[in-house]
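*Asks:* Build the 3D model from these lines:
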Amino acid sequence: MDIEITKTEILSDNWYTLKKVTYQYIKPDGTVHEQSREAYDRGNGAVILLYNIKNKTVILTRQFRIPTYINGNESGMLIEACTGLLDKDSPQDCIRRENGRRNRLSD
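*Replies:* Here you go, the predicted model:
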């Protein structure tokens, strides 16, 4: 698919950057379509699904998420795989950092 970004607007630069991107794409039949979408730019991240070989289980984490809370989840907690944003490190170092941080929070 041939895509051309025609316009990018920054709607918010608070916690993360919220952009409105307008783009055109050419369908296989040659017709050109234009659409706009809003997208948060949070940077690149990493995720790992930890597996406990002895118990044959995956290891997940619980974390508060405001969107799920305001949409009716009374506790706002979600069960998730271990994730983190890449700073200037590798995905492996990012996961080690995040896993260590979450372990300290649960103590």
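*Asks:* in its sheet, what does the longest strand along the chain sit against?
*Replies:* Taking DSSP state E as the criterion, the chain has its longest strand at strand 2-13. With DSSP bridges as the test, strand 2-13 is paired with strand 17-26 (antiparallel).
*Asks:* So which residues make contact with the partner strand?
*Replies:* By CB atoms under 8 Å, 6 or more residues apart in numbering, the list of residues contacting strand 17-26 from outside reads 1-12, 32-41. C-beta: built from backbone N, CA, C; applies to glycine.
*Asks:* Tell me the buried residues in it?
*Replies:* If you call a residue buried by 16 or more other CB atoms under 10 Å, then strand 17-26 has these buried ones: K19.
*Asks:* avg pLDDT for that strand?
*Replies:* For strand 17-26, the mean pLDDT works out to 96.
*Asks:* quick one, domains of the protein?
*Replies:* As recorded under automatic domain parsing, the domains making up the chain are 2-41, 45-106.
*Asks:* partners of Y23 in the sheet?
*Replies:* I5, Q35.
*Asks:* From I70, how far out is it?
*Replies:* 29 Å (CB to CB, to the nearest Å).
*Asks:* Of the domains of the chain, which shows the lowest average pLDDT?
*Replies:* domain 45-106 (a mean of 85).
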